[in-house]
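J.: 3D, please:
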Amino acid sequence: MMSEAEFLAGLTGSPNDLRSVVDALRAVGQPFCLIGGLAVNHYTEPMVTLDADFAVVASHGIEDALRAVGFVVEVHPHSINAQLPGSRLRIQITVNQRYGSFPSRAVNGEVFGVPLPVASLDDLVQGKLWAATDPGRRSTKRLKDRLDLIRLCEAHPRAISLIPRHLIPEVDQLRTSL
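T.: Numbering: from 1, shown residues only. The predicted structure is shown next:
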């Protein structure tokens, strides 16, 4: 049987990119946690994604640490994007302050065989709400964020109370069925 790490390597084309980015973030010493679709997979049945999103308290030293282990890095006003040559896994490290407290509430998790801090359920829901209601995001991304919120609510009914009424009809249906 294929291990989780082998499965990820088959998807991305690189055997250690997720572990490499986590090791680089740990080496910098800045608190961080996984957010986004891979974090949702920690709490629900997994769905395939080629994005690995992280929140950090501060970005100092991250760019150099990623480059030191072979990542190609692009720095933007609110994120650091990175990718290993030959890999399809896209790394986005969010340096937006509204995510800055997420690492302090993160839980220990494991994704594709890599132990790492994962955003708490409440923080993950909040982050997905911000993304799902951001008019600047592509509509397909916002729909995926809504789907992630529905998946989280199905797997963890207590998350339903974190979603504003009438925002997502499927969550409202879950509300009435419980």
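J.: residues making contact with the longest helix anywhere in the chain?
T.: Ranked by residue count and defined by DSSP state H, the top helix of the chain is helix 139-155. By CB atoms under 8 Å, 6 or more residues apart in numbering, the surrounding residues in contact with helix 139-155 are 37, 40, 43-45, 47, 121, 124-125, 128-129, 131-134, 137, 159-160, 163, 168, 170-171, 174. Bear in mind the C-beta positions are built from the backbone N, C-alpha and C, glycine included.
J.: In helices, which of the residues you listed fall?
T.: Among those, DSSP H puts 37, 40, 43, 121, 124-125, 128-129, 131-132, 170-171, 174 in helices.
J.: Redo the residues you listed as CSV? Include distance to Pro77, neighbour count and pLDDT.
T.: Shown next, in CSV, are the ones in helices among the contacts of helix 139-155 (distance: CB to CB, whole Å; neighbours: other CB atoms under 10 Å; pLDDT from 0 to 100):
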residue, distance to Pro77, neighbour count, pLDDT
Gly37, 23, 21, 95
Val40, 25, 29, 97
Tyr43, 29, 20, 97
Leu121, 29, 20, 98
Leu124, 23, 28, 98
Val125, 25, 24, 98
Lys128, 22, 28, 97
Leu129, 22, 18, 97
Ala131, 17, 19, 96
Ala132, 22, 20, 96
Glu170, 34, 15, 93
Val171, 32, 21, 93
Leu174, 37, 17, 89
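J.: Which member of these is positioned nearest Asp17?
T.: Gly37 (15.6 Å; CB to CB).
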